[in-house]
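Engineer: Everything below, folded, please.
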Amino acid sequence: MAERNPWTVAEEPLSVDDFFTRLNPLICGVLRSPVHWLLSPGLMLLTFTGRKTGRRYAIPVGYQRDGERTLTVMISEAPKKQWWRNYREPGPVEVRLRGRDRRGTAQLVAPGSDELVRLAATTLGRVPGLGRAWGIRYDRRRGLTPEQTETLRRTIAAVRIELEEESDVTSE
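Structural biologist: A predicted model of the protein is given here:
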């Protein structure tokens, strides 16, 4: 019997998202460690309580800053994921951001909305290669095509996090 390749799913190559999901334990460890600075410029640890299970989860996510206290998390392959559904209504969240623990309130950006598309376009302007993870071939010179916009409306999600005042920060 042939040995199964751990980097494939149902004998198809892993998506970018599935690949990084397998690395989550390692990434979480780095983000909690003194060498967090290796990943902190683009990744943070998000901790939340599951809406159905009541269990606490910690997952690494990419983020973008919008001012001092607002963070945006873009979710690729959103229909396959559950965590962001906790924030259809505003709810508490904790993040480990650049080595510091912060609390905030997270809320889902309306799915399929113009705001979601605007956030996606801004993200792609900064990180054009993310288009591959989102299932589109993004060209920074052309911008988003109508077809790509519709794909993104169906396949990605975004969560905005408003952090509490800096004075509420605890650090290690």
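Engineer: ok, which stretches of this structure are helices?
Structural biologist: 16-22, 24-32, 114-126, 130-133, 146-155 (DSSP state H).
Engineer: quick one: buried residues of the second one?
Structural biologist: When you say that, I think you mean helix 24-32. For helix 24-32, burial by neighbour count (16 or more other CB atoms under 10 Å) applies to I27, C28, V30, L31. No exception for glycine: its C-beta is placed from N, CA and C like everyone else's.
Engineer: Please give the centre-to-centre distance between it and its chain.
Structural biologist: Centre-to-centre, helix 24-32 and its host chain are 15 Å apart (CA atoms, centre = their mean, to the nearest Å).
Engineer: packing partners for that helix?
Structural biologist: strand 43-49, strand 56-62 (3 or more CB pairs under 8 Å, 6 or more residues apart in numbering; DSSP states H and E).
Engineer: gap between the last one and the chain center?
Structural biologist: In other words, strand 56-62. Worked out by CA atoms, centre = their mean, strand 56-62 lies 8 Å from the chain centre.
Engineer: relative to helix 114-126, how tilted is that strand?
Structural biologist: For strand 56-62 against helix 114-126, the angle by axes from the mean of the first three to the mean of the last three CA atoms, to 10 degrees is 60 degrees.
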